[in-house]
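S.K.: make a model of this:
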Amino acid sequence: MQPHDAYFIAGVFIPIYAFGRIFSARADDVSYWMPFSLFLAGIGCLAIAWIRQPDALNFDGFMQSVLRLLNVFASAV
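M.R.: Here you go, the predicted structure:
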């Protein structure tokens with residue numbers, strides 16, 4: 001697994017999760033801040049992945065990152 005893989009995968013999935021949580025949040029005191037901060041954290045992860053490996057930020061690079069991550073989990077079992 002390469003160093004940018006975790007940032008790349010987190011940068012794709014965290015904003016998607018946060019975007020869904022923003023629309024399901026209630027109008028309480030802090031209910032909007034947590035999903036919004038998760039969204040910003042995911043964008044930050046994408047920025048870190050882009051700084052570390054600028055050529056890998058495409059669909060092919062994402063799939064290679066997912067396959068490397070699955071390979072790590074499969075070898076651990």
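
S.K.: residues in contact with the helix-or-strand element of the chain with minimal mean pLDDT?
M.R.: Sorted by mean pLDDT, DSSP states H and E, the helices and strands of the chain end with helix 5-24, the least confident at a mean of 82. Identification of contacts with helix 5-24 by CB atoms under 8 Å, 6 or more residues apart in numbering yields 32, 34-36, 38-39, 41-49, 52-53, 56-57, 61-62, 65-66, 68-69. Every residue, glycine included, has its C-beta placed from N, CA and C.

S.K.: same check, this time on stretch 47-54
M.R.: So stretch 47-54 is in contact with 2, 3, 4, 7, 8, 11, 56, 57, 61, going by CB under 8 Å, 6+ apart.

S.K.: which of those residues has the largest number of neighbours?
M.R.: Neighbour counts for the contacts of stretch 47-54, by other CB atoms under 10 Å, peak at residue 8, which reaches 25 neighbours.

S.K.: re the thing from before, which one of the contacts of stretch 47-54 sits closest to residue 73?
M.R.: Nearest to residue 73 among these, counting by CB to CB, is residue 2 at 15.2 Å.

S.K.: kindly export stretch 54-69 (C-alpha atoms) in PDB.
M.R.: Output of stretch 54-69 as PDB, limited to C-alpha atoms (Å, rounded to 0.1, in the frame of the first residue of the first chain):
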ATOM      1  CA  PRO A  54      -0.600  14.400  -8.300                       C
ATOM      2  CA  ASP A  55      -0.800  11.900 -11.200                       C
ATOM      3  CA  ALA A  56      -3.000   9.400  -9.300                       C
ATOM      4  CA  LEU A  57      -6.000  11.600  -8.700                       C
ATOM      5  CA  ASN A  58      -8.300  10.000 -11.400                       C
ATOM      6  CA  PHE A  59     -10.600   7.100 -11.500                       C
ATOM      7  CA  ASP A  60      -7.900   4.600 -12.400                       C
ATOM      8  CA  GLY A  61      -5.700   5.800  -9.600                       C
ATOM      9  CA  PHE A  62      -8.600   5.500  -7.200                       C
ATOM     10  CA  MET A  63      -9.300   1.900  -8.200                       C
ATOM     11  CA  GLN A  64      -5.700   1.000  -7.800                       C
ATOM     12  CA  SER A  65      -5.800   2.500  -4.300                       C
ATOM     13  CA  VAL A  66      -8.900   0.400  -3.500                       C
ATOM     14  CA  LEU A  67      -7.300  -2.700  -4.800                       C
ATOM     15  CA  ARG A  68      -4.100  -2.200  -2.800                       C
ATOM     16  CA  LEU A  69      -6.200  -1.600   0.300                       C
END
